[in-house]
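[1] Curious how this folds, go ahead:
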Amino acid sequence: MSERASCTVRTEQREEEGMKMTWRRQVLIFLIAAIALALLNGCSPKSTPKKKFKVGWSIDTITTPFNAAEDKAVKEGWAKYPEVELYSAEAQAQSIKQVSDIEDLVAKGIELLIVKPRDEKTLVDTFKNVMKKGIPVVLIDRYVEGDAYTIFVGSDNVEVGRAAAEVMAKELNGKGNIALIEGTPGASSYLERTEGFNEVLKKYPGLKLIASQPCLAKRDEGKKLTENWLQGYGAKINGIHSNTDEITMGVIQALKEAGRKDVIVTSVNGQMEALKQIIDGAIAMTVAYSPGVHPGIELSWAILNSEKEIPKKILIPAVNVGVEEARKYYDPNIYLFDYIPGGSPAYKEAEKRYPIIAKLKRR
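    Presented below is the predicted three-dimensional model:
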């Protein structure tokens, strides 16, 4: 073989060996990269979706403006928690339907039940069964007999009734005849307001309760009842107290039509419509009522996240709303005094009584 041919063969051999080394190097790099990626995927934490809680909401009725606003506030409040899927049911003012509503919510697999009961008796056994299934029960606004619930959040209704009676006594200078509209029959909030009101009246011998009657929380019902009393008692009536502003709107309409500007009217709830009537002089005062929606939702969230320090009851203090407070807080764009920006003064007082409220964070 000539020297030139030999050189050519050696050159081709070197090129072939170089190509083989390049191919091996590429395979090796690929294998190293694949191994590294596998190790990285194996060691990095896997992203798990956040737990979605199922919450049930049962309300007795949404046919009154107060309850409709309450229902809206609950739904808007829970909407701030994307981790929660809310199932709601309205009992159409029927206690028995509320029982079946709650049974249906439980069947959907809810992990917490939040309720505004129709009355204080019907749901007792229902709540016992719910609690036996390990489902916490949060009551807002009204509670039930016994202790088959996790927590109640709402106003101290006995205190609310006392506050209204004290103002009535002051306005009448401790002397006069009073008629009392009690509110929805059997509802714990109205029963307790009546209890507190009557308790204070006993302190004033000059005050006489000449009429006391339950009434559905509707203004036309309040108007009708007031008209009957004005016809039956005439000028003997010096003061009328209603346990809810919605009824009171009917009361003042009946008084206006009868030309009775001399009757002292006190009320409960703190609807902005009532605040306007206080400013205009038709109502002496209303006691601002806190149905417990906002802290109820926050406490429910805490329970869902295994908070253990949950009290059995949280009673929001009463706040009197007279002319001064009405002028300060009146806002036609808000339904209830309890929903004023920054929160009702009642919640600030509640934080002092219950450290758990101060600890909660509102979304």
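[2] nearest residue to the residue sitting nearest the centre point of the chain other than its sequence neighbours?
    Geometric centre of the chain, nearest residue: residue 293, 1.5 Å, by CA atoms, centre = their mean. Excluding its sequence neighbours, the residue lying closest to residue 293 (CB to CB, 6 or more residues apart in numbering) is residue 73, at 4.6 Å. In this view, the C-beta of every residue, glycine as well, is placed from N, C-alpha and C.
[3] For beta bridges, what are the partners of the closest residue in space to residue 304 that isn't next to it in sequence?
    Leaving aside its chain neighbours, residue 304 sits nearest to residue 53 (5.2 Å; criterion: CB to CB, 6+ apart). Beta-bridge pairing for residue 53 (DSSP bridges): residue 84.
[4] what pLDDT does residue 53 get?
    Per-residue pLDDT puts residue 53 at 96.
[5] Burial check on it, number of neighbours?
    18 (other CB atoms under 10 Å).
[6] check contacts around it.
    83, 84, 85, 111, 112, 304 (CB atoms under 8 Å, 6 or more residues apart in numbering).
[7] where's it relative to residue 300, distance?
    9 Å (CB to CB, to the nearest Å).
[8] can you check residue 236 too?
    With distances taken as CB to CB, residue 236 is found 48 Å from residue 300.
[9] Could you check which of these two has the larger neighbour count?
    Set residue 236 next to residue 300 and count neighbours by other CB under 10 Å: residue 300 wins out with 28 against 14.
[10] tell me the pLDDT at the nearest residue in space to that one that is not next to it in sequence?
    Spatial nearest neighbour of residue 300, excluding adjacent residues (CB to CB, 6+ apart): residue 138 at 5.0 Å. You'll see residue 138 listed with a pLDDT of 98.
[11] in this structure, which spans are strands?
    Applying DSSP state E to the chain gives strands spanning 53-59, 84-90, 112-116, 137-140, 151-155, 176-181, 207-213, 239-242, 264-269, 285-288, 313-316, 319-321.
[12] ok, now which ones touch residue 220?
    Counting by CB under 8 Å, 6+ apart, residue 220 touches residue 250.
[13] any idea how far residue 62 is from the closest residue to residue 127 other than its chain neighbours?
    For residue 127, ignoring the flanking residues on the chain, the nearest one in space by CB to CB, 6+ apart is residue 148 at 4.0 Å. Using CB to CB, residue 148 is found at 25 Å from residue 62.
[14] What is the burial count for the residue nearest to residue 240 when sequence neighbours are not counted?
    Ranked by CB to CB, 6+ apart and with sequence neighbours excluded, the top spatial neighbour of residue 240 is residue 179, at 4.9 Å. Neighbour count of residue 179, defined by other CB under 10 Å: 24.
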